[in-house]
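Novice: got a predicted structure plus its sequence, pasted below:
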Amino acid sequence: MATARVESRVVDSDRRPRGQLTVPSLLPLLLAVLVLWVPLPFGSVVPWSHTVLQITACLLLALAAVSTKRASDLRPAALPAICIAAVALLGALQASTFPATIVRTISPEHARLQAVAHETLADAGFARKVPSSLSLAPSASRAAALTFAAVAACLLAAVAGARERPHRRVLAAALLGSAIFQVLYGAAALAARRGTIWGQVVPGDAARLRGTFINADHLAFYLELALAAAFAWGWWALRRAREEISIERRIALVAGPTLVWLTLFLGLAFTGSRAGLVAAATGTVAQGLLLAASRRRWRGGIAGVLLVLVGVGAVAAVGLQQGLGRWLATSQHELAWNDRLRVYGTSWELWHRFPWTGTGLASFRDAFTLLVPRELTGLTYWHTHNDYLEVLVTAGVVGAALVAVAACVLVMRLARGLHDGGRTENRAAALAALGALAAVAVHSLFDFGLSMPANAATLAIVVGAALAARRSGEREEKRG
């Protein structure tokens with residue numbers, strides 16, 4: 001009895017007046033606003049939106065530090081965030097000026113190119129000295145470093161701001177609501193064959209659904225994150241429906257996530273992104289297999305496959321040519337001998353020239369001009385169309401190792417959360433993050449979706465919320 005009275009006083013002391021907005025409740029609301037906002041300004045790819053994201057992420061991290069009572073609450077994301085922040089530090093160092101001896105020791109190719117540039121300027125009568133740095137585009141590397149730091153801040157802020165189930169629900173609603181808006185906005189533009197976004201003429205194919213993203217493939221990448229969340233919501237709803245006696249109540253619980261998932265899958269198909277369709281299917285099947293493995297019941301894996309088949313059937317029913325036309329029109333030449341393979345080969349050669357610290361974050365366009373193949377002369381490639389290769393080329397072995405460590409730690413901790421997360425809702429958060437990571441892992445083989453700040457920040461928030469759910473499950477288990 002005495003223990004119960006003490007616990008009651010502790011709980012009562014933590015209660016706050018209704019309607020009072022506190023710092024711990026303000027943080028998830030601001031994170032939800034960020035999730036809603038980042039895709040709107042063209043995927044946050046324009047410079048001013050980059051700046052807004054960086055400043056906002058910094059403020060959210062400060063708010064997270066204030067609202068976190070125990071440093072251990074941030075522990076699940078500490079190592080991955082440190083690795084991502086270390087990549088940001090690497091970019092800042094790449095953009096810095098060093099003595100020529102240091103640059104020559106770390107990256108002889110950088111030193112050689114800078115010496116050639118200095119001689120060329122001297123022969124032309126310019127006395128300007130070429131900076132001695134580890135980046136072929138120092139200003140771009142500096143800006144990319146700030147974006148990496150913002151992503152690390154979003155990860156930590158999500159862990160701090162999604163400790164409670166209502167907070168995670170707010171973030172999930174913001175992600176799914178944002179994705180539905182992207183599909184509806186893009187569908188309206190697609191129906192009108194409108195080549196504008198927010199009234200501004202933008203390049204790209206107006207015959208593909210792209211929402212507020214300039215590149216339809218990047219919208220597909222964004223929708224993959226929401227699809228993973230919708231699948232996890234559906235699994236949670238199915239578990240809840242088993243406890244209901246009323247058939248109407250069961251249908252109502254399952255109908256919502258099913259309709260949302262099908263809507264998002266239809267939207268993704270109409271982006272015309274071949275990599276996106278494969279990645280979304282892979283992510284959904286992976287979620288089913290993860291559920292099957294966690295409980296050793298293979299119905300989950302079968303459900304994932306069936307859901308993908310239903311989605312493809314819905315696309316075919318709505319409009320086979322519009323939804324799958326680009327995929328069906330893919331020739332064997334495009335799959336095996338297209339220009340991207342030449343870009344991949346050139347990227348591999350670039351890495352051999354700058355093996356340790358890379359050419360510099362966000363410097364691929366400048367680096368590619370050094371070895372551009374004769375067949376691609378006159379074309380400008382801003383990215384490798386392969387996130388793995390781009391990290392290796394621009395950040396070298398050091399940066400690639402940091403990213404690999406962050407990814408491995410996240411996957412292991414999320415898998416543990418799915419298996420031992422306690423409540424179904426906590427495990428559903430881990431399932432959503434794992435599905436998103438599986439889809440991203442596949443899509444990144446063929447595109448550069450993670451270079452979009454909106455996609456990178458949203459993925460960090462989804463993963464951070466799942467890590468917070470795992471931490472919440474651990475606390476519930478200890479109390480139990």
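Specialist: That came through, no problem.
Novice: can I get the CA coordinates of stretch 141-148 in CSV?
Specialist: Listed next in CSV are the C-alpha coordinates belonging to stretch 141-148 (Å, rounded to 0.1, in the frame of the first residue of the first chain):
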residue,chain,number,x,y,z
SER,A,141,31.1,20.3,-49.8
ARG,A,142,30.5,22.9,-47.1
ALA,A,143,26.8,23.1,-47.9
ALA,A,144,26.5,19.3,-48.0
ALA,A,145,28.2,19.0,-44.7
LEU,A,146,25.5,21.2,-43.1
THR,A,147,22.8,19.0,-44.6
PHE,A,148,24.4,15.9,-43.2
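Novice: so which bits of that stretch are buried?
Specialist: For stretch 141-148, burial by neighbour count (16 or more other C-beta atoms under 10 Å) applies to 141-148. Just so you know, the C-beta spots here come from the backbone N, C-alpha and C atoms, and that holds for glycine as well.
Novice: do stretch 264-273 as well
Specialist: Residues of stretch 264-273 classed as buried: 264-273 (neighbour count, 16+ other C-beta under 10 Å).
Novice: same thing with stretch 86-102?
Specialist: In terms of neighbour count (16+ other C-beta under 10 Å), stretch 86-102 has its buried residues at 86-88, 90-95, 98.
Novice: circling back to that earlier point, and the furthest pair within the buried residues of stretch 264-273?
Specialist: L264 and G272 (15.4 Å; C-beta to C-beta).
Novice: low-confidence stretches in the stretch 1-150 of the chain?
Specialist: Counting by pLDDT under 70, the low-confidence segments of the stretch 1-150 of the chain come to 1-24, 121-128.
Novice: please look at G43 and A456 and confirm they touch.
Specialist: No: taking contacts as C-beta atoms under 8 Å, G43 lies outside contact range of A456: 10.2 Å.
Novice: neighbour count: the two, which is higher?
Specialist: Of the pair G43 and A456, G43 is the one with more neighbours under other C-beta atoms under 10 Å, namely 27 against 23.
Novice: closest one to A429 out of the buried residues of stretch 141-148, please.
Specialist: For those, the nearest to A429 is F148 (24.3 Å; C-beta to C-beta).
Novice: not including adjacent chain positions, what is the nearest residue to that closest one?
Specialist: Spatial nearest neighbour of F148, excluding adjacent residues (C-beta to C-beta, 6 or more residues apart in numbering): A88 at 3.7 Å.
Novice: ok, the one you found - contacts?
Specialist: Residues counted as contacts of A88 (C-beta atoms under 8 Å, 6 or more residues apart in numbering) are 145-149, 152.
Novice: now with 7 Å, please.
Specialist: Contact analysis of A88 by C-beta atoms under 7 Å, 6 or more residues apart in numbering lists 145, 148-149, 152.
Novice: next, S44: phi, psi?
Specialist: Main-chain torsions, S44, degrees, to the nearest 10: phi 60, psi 30.
Novice: count of neighbours near it?
Specialist: Neighbours of S44 using other C-beta under 10 Å come to 27.
Novice: look up how far V38 lies from it.
Specialist: 5 Å (C-beta to C-beta, to the nearest Å).
Novice: which residues are common contacts for those two?
Specialist: Counting by C-beta under 7 Å, 6+ apart, the residues touching both S44 and V38 are 53, 453-454.
Novice: could you double-check that A187 lies in contact with L209?
Specialist: Yes: A187 is within contact range of L209, at 6.3 Å (criterion: C-beta atoms under 7 Å).
Novice: which of the two has more residues huddled nearby?
Specialist: When A187 and L209 are compared for neighbours, L209 comes out ahead with 30 against 16, by other C-beta under 10 Å.
Novice: quick one: residues contacting the more buried one.
Specialist: When contacts are counted by C-beta under 7 Å, 6+ apart, L209 touches 186-187, 190, 216, 219, 267, 270-271.
Novice: at 8 Å instead, please
Specialist: L209 sits next to 183, 186-187, 189-190, 216, 219, 267, 270-272 when contact means C-beta under 8 Å, 6+ apart.
Novice: quick one: which of those residues is nearest to V343?
Specialist: A216 (19.6 Å).
Novice: any idea how far the closest one lies from Y222?
Specialist: According to C-beta to C-beta, A216 and Y222 sit 11 Å apart.
Novice: okay, the two: which has more neighbours?
Specialist: More crowded of A216 and Y222, by other C-beta under 10 Å: Y222, with 29 against 25.
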